[in-house]
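[1] Turn this into a model:
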Amino acid sequence: MASCCYRDEYEQLFSEKTARRTARRFRRRGLRGTARELADGLAVAGIEGATVLEVGGGVGDIQAHLLREGAAHAVNVELSPAWERAAEHLLADLGLAERVDRRLGDFVDLVGELPDADLVVLHRVVCCYPNWRAMVAAASARARRAVGMTLPVDRWWTRAGVAAANGFLAMRKNDFRVFVHPVAPLLQACREAGLSVVRDRTGFAWRTVILARPPRDKDEALARRGVSSAR
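    Next up is the predicted model:
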């Protein structure tokens with residue numbers, strides 16, 4: 001929704017130069033830091049053959065990692081077109097272009113047009129969206145197995161850093177803002193949507209949370225563990 005998200009301001013902060021730098025780093029080093037922790041955490045819900053939906057996935061480095069780990073297909077929803085050229089080149093270089101569908105727009109607005117996915121990824125995007133309830137509800141609605149998210153830790157130093165960043169943006173007359181949303185009600189909203197926390201890791205600045213639905217049957221439980229039910 002244009003009144004809620006800041007497409008022009010987002011492009012100023014996350015430019016094509018940023019996209020190219022991110023793609024180069026992934027080519028050299030692979031997935032690192034909280035992005036790798038999030039991707040590894042999603043293994044509890046089963047990656048082999050899974051479909052992935054990522055919100056604000058940038059050049060698609062998390063998706064590329066999950067696809068190389070055995071996921072079948074990914075959909076990326078990105079607000080800014082600045083990432084598209086670098087993403088196109090990266091996915092082509094990795095031989096993954098045919099397995100990724102990239103959409104432009106606000107995820108909350110587009111959610112009705114998107115397919116369900118086994119795994120929904122929210123890496124450092126909830127903190128960039130004013131209406132966390134709408135984003136979490138949309139993500140939960142599309143997740144068949146699990147939602148993985150990276151959130152700022154709710155500590156004084158994080159809030160101080162966010163306040164400073166927002167003050168700088170205001171001085172630059174940029175309306176984009178970063179948020180430290182309350183984690184307890186956010187996770188409760190996920191629980192009310194049928195998801196349970198199965199992994200929760202807190203670092204100095206970021207908190208990685210994996211929430212999963214219970215397996216529907218024994219075969220799905222085995223599949224999530226990477227075990228075949230064939231006798």
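[2] Let me know the pLDDT of residue 201.
    pLDDT, residue 201: 96.
[3] correct me, but it touches residue 40?
    No. Applying Cβ atoms under 8 Å as the test, residue 201 and residue 40 come out as separate, 9.9 Å apart. Every C-beta, even on glycine, is put in place using the N, C-alpha and C of the backbone.
[4] who's more crowded, the two?
    The residue with more neighbours, out of residue 201 and residue 40, is residue 40; 18 against 15, by other Cβ atoms under 10 Å.
[5] what's the spacing between the more buried one and residue 71?
    Applying Cβ to Cβ, to the nearest Å, the value for residue 40 to residue 71 is 13 Å.
[6] Give the pairing partners of the top strand by length along the chain; include direction for each.
    The longest strand of the chain (DSSP state E) is strand 143-152. Its sheet considered, strand 143-152 pairs with strand 117-123 (parallel), strand 206-212 (antiparallel) by DSSP bridges.
[7] Most tightly packed of those strands?
    strand 117-123 (a mean of 25; mean count of other Cβ atoms under 10 Å).
[8] Other residues contacting it?
    Residues from elsewhere that reach strand 117-123, judged by Cβ atoms under 8 Å, 6 or more residues apart in numbering: 34-35, 38, 42, 45-47, 50-57, 62-63, 66, 71, 75, 135, 139-140, 142-150.
[9] Tell me where this structure has helices.
    7-13, 16-29, 33-41, 61-68, 84-93, 107-110, 132-142, 156-171, 183-192, 218-224 (DSSP state H).
[10] which secondary structure elements does the fifth one contact?
    What it means is helix 84-93. helix 16-29, helix 61-68, strand 100-104 (3 or more Cβ pairs under 8 Å, 6 or more residues apart in numbering; DSSP states H and E).
[11] same thing with the second one?
    In terms of contact count using 3+ Cβ pairs under 8 Å, 6+ apart, helix 16-29 is assigned the packing partners helix 61-68, helix 84-93.
[12] which ones are touching the spatially closest residue to residue 37 that is not a sequence neighbour?
    Nearest non-adjacent residue to residue 37, counting by Cβ to Cβ, 6 or more residues apart in numbering: residue 208, 5.0 Å away. By Cβ under 8 Å, 6+ apart, the contact list for residue 208 reads 34, 37-38, 41, 148-150, 199-202.
[13] just the buried members of these?
    34, 37-38, 41, 148-150, 199 (16 or more other Cβ atoms under 10 Å).
[14] With respect to residue 96, which of those residues is nearest?
    Nearest to residue 96 out of those is residue 38 (Cβ to Cβ; 18.6 Å).
[15] And the pLDDT at the closest one?
    At residue 38, pLDDT is 97.
[16] That one touches residue 150, doesn't it?
    Yes. With contact defined as Cβ under 8 Å, residue 38 and residue 150 form a contacting pair (5.5 Å).
[17] farthest pair in the buried ones among the contacts of residue 208?
    34 and 199 (12.9 Å).
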